[in-house]
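Peer 1: okay, predicted coordinates and the sequence, questions at the end:
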Amino acid sequence: MTRTASTSPWEDLVTSALLGTDRRTPPSGPTPAGKDAPVALLDAAALHTVRRRAGLRPATRAGGSPPEPAPHDARRALPEPARRRLVQLLADRAGPAGSGGRRGTTPDLTELLPQWLAAANEHGYRAPASVLPGLLDAARARTDLRPQALEFAGPRGLWLARLNPEWKYALRGGSTGSALPAVDDAEAVRKLWEEGLFAERVALLTALRAHDAGAALALLGTTWSTERAEDRLMFLDSLRAGLSDADEPFLEQALSDRSRNVRATAAELLSALPRSALAGRMAARAASCVAIDRSGDAAAAIVVEAPHECDADMQRDGIVPAPPSGRGERSWWLGQLVEAAPLSVWPGRLGGRSAREIVALPVSDDWAEELHAAWCRAAARQRDADWSRALLGTPATPPSTGPGTTSPAERSKLLAALPDDERASWVAEFIAAHGLSEAFQLLGVCAVPWAEPLGRAVVDALEIARDAGSYPWSFSGVMGLAERCLSPEEAGRLEVLTATPDDQEDASPGAGSYWSEAFQRLVSTLRLRATMHAELTA
């Protein structure tokens with residue numbers, strides 16, 4: 001195969017590398033004496049790489065005009081120590097892991113970057129221009145960073161993202177930091193809504209909704225029918241913040257949307273409005289399926305008669321007719337009805353009992369698990385603290401016999417409906433009673449930094465695990481959370497745990513030294529977090 005006039009030397013090199021030098025001679029000519037063909041190919045590639053980089057010409061824009069100047073960012077400048085810290089975090093200069101997969105004692109800087117960005121945004125700093133490329137690259141690689149990174153990058157970050165296709169994700173993000181027009185400037189609002197990037201339109205809708213929810217819905221209605229399905233879904237999802245009864249007419253119309261995902265989201269939002277017509281319809285359907293057994297003199301119990309069909313009206317209200325594999329149709333329909341019904345319907349339907357009393361009632365014919373799981377989903381969706389407490393039960397109750405659910409994921413959703421201090425206290429008592437084996441997801445919904453009783457419970461449980469002679473790897477997830485979520489003030493109290501304990505006779509070999517490293521890393525991370533916050537408040 002010979003090189004054609006339309007191919008460059010670099011393309012020929014790539015082709016030779018893909019095909020193999022035994023099938024195609026490298027285009028750099030005969031192989032120099034003493035060199036194998038593959039080595040010669042790599043040498044030629046290295047030479048061409050340097051040539052291409054050194055001889056690269058500046059790109060030209062369509063029409064030859066330079067880009068508009070970057071917009072002004074009025075936020076205050078970042079203190080110099082904090083700027084240097086950000087450069088270090090973006091460069092990922094964490095210490096090398098030890099041998100055998102050991103992380104060593106050096107803090108993991110990549111895990112501290114989200115916390116640093118959140119703190120910088122709280123203080124109202126703007127991103128230095130020099131770090132914007134690295135910041136956008138980091139957010140491109142990690143979707144969890146994007147909201148905070150784009151907020152910190154601000155309008156200049158959005159301006160820069162327009163110039164690089166690799167950063168196009170920023171143009172569709174929900175948080176852009178770009179300057180928005182005054183919400184009472186009708187002409188500017190209309191112009192941005194009709195001509196702006198999707199991220200700008202979402203930000204505009206959110207800002208306008210906080211000022212005048214009716215005006216925000218009216219603005220959304222002007223273009224709703226012409227929006228793409230995925231955009232309609234994201235606009236609809238933005239209504240979760242500040243959801244109120246005033247949104248019901250718009251959401252009712254969305255129940256007839258041509259997109260199944262839009263219809264499902266509209267139904268979910270309506271079911272979170274206890275006074276909505278959809279909630280009333282779901283309440284009537286669910287109540288017809290669940291009642292108190294009033295026959296005979298036996299103790300009160302709940303009886304269930306699941307739906308026998310999923311009619312067109314149910315489907316319009318968001319009930320999915322086809323169950324997932326392994327689920328029966330009737331139980332699938334029942335769960336969706338109960339999940340979408342207002343929890344306020346059940347005390348009147350079930351003899352005036354409280355949520356705790358209702359959850360404690362026996363359920364006939366093995367329907368208890370399905371019914372309680374649906375109530376758990378309803379409590380999480382409606383953020384009902386009373387029902388969440390009832391379904392969680394006491395922290396000391398074994399997870400396998402809890403009143404509502406045995407799933408850590410479901411319990412974490414129920415905990416999210418409780419106030420921060422109550423949530424932390426419940427998880428602290430749970431850890432004290434059951435240890436850390438099922439606490440990871442519960443810890444993830446607790447406010448950061450952890451309240452003192454919760455932090456103490458976690459540290460005590462880790463110390464117990466160390467003294468039991470097990471390896472710390474079994475608790476690496478909790479230890480990672482502790483590094484990010486413990487109060488930095490705990491560093492001094494943890495110092496005593498950094499010493500290497502004597503190996504016990506029944507302990508795993510070398511476990512003590514592993515635990516010593518883990519606690520040293522925890523202490524050094526907490527102290528680094530304290531330093532980071534001090535730099536941001538300088």
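Peer 2: That came in fine, so what should we check first? Numbering: from 1, shown residues only.
Peer 1: okay, now the unreliable bits of the protein?
Peer 2: Judged by pLDDT under 70, the chain has its weakly predicted residues at 1-7, 27-34, 55-64, 92-103, 173-179, 296-298, 502-508.
Peer 1: which helix runs longest in it?
Peer 2: Assignment by DSSP state H gives helix 511-536 as the longest helix of the chain.
Peer 1: list the buried ones in that helix?
Peer 2: Neighbour-count burial for helix 511-536, counted by 16 or more other CB atoms under 10 Å, picks out 511-512, 514-526, 528-529, 532, 535-536. Backbone N, C-alpha and C define where each C-beta goes, glycine included.
Peer 1: all strands of this protein, in order?
Peer 2: Counting by DSSP state E, the chain has strands at residues 290-292, 302-304.
Peer 1: what about residue 448? Give its phi and psi, please.
Peer 2: With angles defined as degrees, to the nearest 10, residue 448 sits at phi -110, psi 140.
Peer 1: tell me who's in contact with the closest residue to it other than its chain neighbours.
Peer 2: Leaving aside its sequence neighbours, residue 448 sits nearest to residue 485 (CB to CB, 6 or more residues apart in numbering; 4.7 Å). Residues near residue 485 by CB atoms under 8 Å, 6 or more residues apart in numbering: 443, 446, 448-450.
Peer 1: quick revisit: with mean neighbour count and distance to residue 242 added, can I get the strands of the chain in JSON lines?
Peer 2: Below are these laid out as JSON lines (neighbours: other CB atoms under 10 Å; distance: least, CB to CB, whole Å):
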{"stretch": "strand 290-292", "mean neighbour count": "18", "distance to residue 242": "32"}
{"stretch": "strand 302-304", "mean neighbour count": "18", "distance to residue 242": "36"}
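Peer 1: can I get those in a markdown table with distance to residue 373?
Peer 2: Output for these, formatted as a markdown table (distance: least, CB to CB, whole Å):
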| stretch | distance to residue 373 |
| --- | --- |
| strand 290-292 | 14 |
| strand 302-304 | 13 |
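Peer 1: which of these sits closest to residue 382?
Peer 2: Smallest distance to residue 382 across the strands of the chain (CB to CB): 16.9 Å, for strand 290-292.
Peer 1: what does that closest one rub up against?
Peer 2: Here strand 290-292 makes contact (CB under 8 Å, 6+ apart) with 300-305, 338, 346, 349-351, 361, 371.
Peer 1: if we use 6 Å, what do you get?
Peer 2: The contact list for strand 290-292, computed with CB atoms under 6 Å, 6 or more residues apart in numbering, reads 300, 303-304, 350-351.
Peer 1: that strand pairs with which strands?
Peer 2: Here strand 290-292 is paired, per DSSP bridges, with strand 302-304 (antiparallel).
Peer 1: re earlier: just the buried ones from the contacts of residue 485, in ChimeraX syntax?
Peer 2: Buried members of the contacts of residue 485, defined by 16+ other CB under 10 Å, are picked up in ChimeraX with:
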select :443,446,449,450
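Peer 1: got a markdown table for the contacts of residue 485, with distance to residue 468 too?
Peer 2: Rendered in a markdown table, the data for the contacts of residue 485 read as follows (distance: CB to CB, whole Å):
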| residue | distance to residue 468 |
| --- | --- |
| 443 | 20 |
| 446 | 24 |
| 448 | 28 |
| 449 | 27 |
| 450 | 23 |
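Peer 1: find the nearest non-adjacent residue to residue 197, please.
Peer 2: Leaving aside its chain neighbours, residue 197 sits nearest to residue 171 (5.0 Å; criterion: CB to CB, 6+ apart).
Peer 1: hmm, residue 196 and that neighbour touching each other?
Peer 2: No - checked against CB atoms under 6 Å, the pair residue 171 and residue 196 is beyond contact range at 10.2 Å.
Peer 1: tell me where the stretch 251-400 of the chain has helices.
Peer 2: For the stretch 251-400 of the chain, helices defined by DSSP state H, counting those that start in this stretch occupy the ranges 260-271, 277-287, 312-316, 329-340, 345-349, 355-360, 368-382, 385-392.
Peer 1: compare those helices and give me the one nearest residue 77.
Peer 2: Nearest to residue 77 among the helices of the stretch 251-400 of the chain is helix 260-271 (40.9 Å), distances taken as CB to CB.
Peer 1: and that closest one, how far out from the chain's middle?
Peer 2: Distance of helix 260-271 from the chain centroid (CA atoms, centre = their mean, to the nearest Å) equals 21 Å.
Peer 1: nearest residue to the spatially most central residue of the chain other than its sequence neighbours?
Peer 2: Closest to where the C-alpha atoms of the chain average out (CA atoms, centre = their mean) is residue 144, at 6.2 Å. Ranked by CB to CB, 6+ apart and with sequence neighbours excluded, the top spatial neighbour of residue 144 is residue 114, at 6.6 Å.
Peer 1: what about the one you found, neighbour count?
Peer 2: Number of residues near residue 114 (other CB atoms under 10 Å) recorded here: 17.
Peer 1: surely residue 318 and residue 267 touch.
Peer 2: Yes - counting by CB under 6 Å, residue 318 touches residue 267, with 2.5 Å between them.
Peer 1: need the max-distance pair from the contacts of strand 290-292.
Peer 2: Longest distance between any two of the contacts of strand 290-292 is 15.7 Å, between 304 and 351; criterion CB to CB.
Peer 1: tell me the domain ranges of the protein?
Peer 2: Using automatic domain parsing, the domain ranges for the chain come out as 9-57, 420-538.
Peer 1: and of those domains, who's closest to residue 84?
Peer 2: Proximity to residue 84 (CB to CB) singles out domain 420-538 among these, at 8.4 Å.
Peer 1: quick one: residue 303 and residue 364 touch, right?
Peer 2: Yes - the pair residue 303 and residue 364 passes the contact test of CB under 6 Å, sitting 4.9 Å apart.
Peer 1: list the contacts of residue 361.
Peer 2: Residue 361 neighbours (CB under 6 Å, 6+ apart): residue 302.
Peer 1: quick one: the helices in the stretch 101-250 of the chain, in order.
Peer 2: Counting by DSSP H, counting those that start in this stretch, the helices of the stretch 101-250 of the chain are 109-123, 132-141, 146-161, 186-195, 198-211, 213-223, 229-237, 248-254.
Peer 1: so which of those is the most surrounded?
Peer 2: The highest mean neighbour count among these, using mean count of other CB atoms under 10 Å, belongs to helix 146-161: a mean of 23.
Peer 1: for it, name the packing helices and strands.
Peer 2: Contact partners of helix 146-161 among helices and strands, from 3 or more CB pairs under 6 Å, 6 or more residues apart in numbering; DSSP states H and E: helix 109-123, helix 132-141.
Peer 1: could you redo the helices of the stretch 251-400 of the chain as a markdown table and give each row distance to residue 45 and mean neighbour count?
Peer 2: Shown next, in a markdown table, are these (distance: least, CB to CB, whole Å; neighbours: other CB atoms under 10 Å):
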| stretch | distance to residue 45 | mean neighbour count |
| --- | --- | --- |
| helix 260-271 | 47 | 20 |
| helix 277-287 | 63 | 19 |
| helix 312-316 | 59 | 13 |
| helix 329-340 | 58 | 22 |
| helix 345-349 | 71 | 17 |
| helix 355-360 | 68 | 18 |
| helix 368-382 | 56 | 21 |
| helix 385-392 | 61 | 22 |
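Peer 1: quick revisit: how many neighbouring residues does the residue nearest to residue 197 have?
Peer 2: Neighbours of residue 171 (other CB under 10 Å): 15.
Peer 1: show me the contacts for residue 431.
Peer 2: Residues in contact with residue 431, defined by CB under 6 Å, 6+ apart, are 439, 457, 461.
Peer 1: how close does the nearest residue to it once chain neighbours are set aside get to residue 402?
Peer 2: Nearest non-adjacent residue to residue 431, counting by CB to CB, 6+ apart: residue 457, 4.5 Å away. Distance, residue 457 to residue 402, using CB to CB, to the nearest Å: 19 Å.
Peer 1: out of those two, which sits in the busier spot?
Peer 2: Each of residue 457 and residue 402 has its neighbours counted (other CB under 10 Å); residue 457 has more, 24 against 19.
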